[in-house]
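Chemist: next one to model:
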Amino acid sequence: MEAKVNHRVNFEIPEEIITAHYFSEMPEGFGKQLFLEGKKLHIPLRKSPTLYTANLPSVLEWLHGSDIPRSWENEPCEIPVLIYDKELTFERLLFHYDGTPASANLIHHFIKLFSNQLKESKATIISPSFIPKSKMKEEQEVIHAVSQATAETSFIKFNFHRIGDFWSYAVKHQCTLLITTKYYQADLAKVLFHFYKGGMWYDRLSFYLSV
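Modeler: Residues are numbered from 1 along each chain as shown. I've put the predicted structure just below:
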């Protein structure tokens, strides 16, 4: 179920370019439904949205109306945000696991929310090069959950500390969806602000951010 945002939310992004969704699990064909003109809006049965979506070019045009990049939310809320570009496809997923319980929960929640879209997906998980022994079980549970939900899963270790590193990897390897934390949203906005329509731009890449 979806509707325009009609209640006060914590977004800097203009609310007219944000859509709220109320499904507990996104239906099959969800990616294509975002682009249907005149799509029917349903009255939500849930009190709170489960997902916000916005079109990336519209967000970036708004960003470029400012002298400096701005965060998408004043303070990150618990509801995930999905920013999609030319299309929304779950063909090649890039998961950012940073070794924290919040990151693990984010990934598990993404899998539940998009379970109908992931059966044919190829996924890559990037994890820090060093994980304390106390986190190894959590890391393995993340790998298992992703591998069970997708058709193919790769797991690699990189010491990426900047969102620009994940963005560059996603562009180089033609990933179509980067799943990461909202705490990178300000840095991501800067990266996209400076590279939009540039030589490295890849218009099949979308972004899922959550806390």
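Chemist: excluding sequence neighbours, find me the nearest residue to Glu78.
Modeler: Nearest residue to Glu78, sequence neighbours excluded (CB to CB, 6 or more residues apart in numbering): Val211, at 5.7 Å. Every C-beta, even on glycine, is put in place using the N, C-alpha and C of the backbone.
Chemist: roughly how far apart are the one you found and Phe11?
Modeler: Using CB to CB, to the nearest Å, Val211 is found at 15 Å from Phe11.
Chemist: the residue nearest to Glu78 and Lys47: what is the separation?
Modeler: 19 Å.
Chemist: these two: who's more crowded?
Modeler: Higher neighbour count among Val211 and Lys47: Val211, with 16 against 7, using other CB atoms under 10 Å.
Chemist: where do the strands of this protein begin and end?
Modeler: Using DSSP state E, the strands found in the chain span residues 2-4, 18-21, 51-55, 81-84, 92-96, 122-127, 152-157, 177-181, 206-210.
Chemist: would you single out the least confident of these?
Modeler: Lowest mean pLDDT of the strands of the chain: strand 2-4, a mean of 53.
Chemist: my read: the residue nearest to Glu78 touches Pro76, true?
Modeler: Yes. Contact criterion CB atoms under 8 Å: Val211 and Pro76 qualify, at 5.1 Å.
Chemist: which neighbours do those two share?
Modeler: Common neighbours of Val211 and Pro76, using CB atoms under 8 Å, 6 or more residues apart in numbering, are Lys182, Tyr183.
Chemist: mind checking how far Trp206 is from Ala54?
Modeler: To be clear, residue 206 is Ser; Trp isn't right here. As judged by CB to CB, Ser206 and Ala54 stand 10 Å apart.
Chemist: any residues in contact with both of these two?
Modeler: Leu82, Ile83, Tyr84.
Chemist: can the residues you listed go into CSV with extra columns for neighbour count and distance to Ser58?
Modeler: As requested, those are exported to CSV (neighbours: other CB atoms under 10 Å; distance: CB to CB, whole Å):
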residue, neighbour count, distance to Ser58
Leu82, 26, 13
Ile83, 26, 9
Tyr84, 23, 10
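Chemist: lowest-pLDDT helix or strand in this protein?
Modeler: Lowest by mean pLDDT, DSSP states H and E among the helices and strands of the chain is strand 2-4, with a mean of 53.
Chemist: which residues in this structure form helices?
Modeler: 30-33, 56-63, 101-113, 133-149, 163-172, 185-195 (DSSP state H).
Chemist: just put these in CSV and tack on mean neighbour count, mean pLDDT and distance to Glu15.
Modeler: CSV is the format used below for those (neighbours: other CB atoms under 10 Å; pLDDT from 0 to 100; distance: least, CB to CB, whole Å):
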stretch, mean neighbour count, mean pLDDT, distance to Glu15
helix 30-33, 16, 88, 20
helix 56-63, 18, 87, 11
helix 101-113, 18, 97, 22
helix 133-149, 15, 96, 32
helix 163-172, 19, 94, 25
helix 185-195, 18, 85, 17
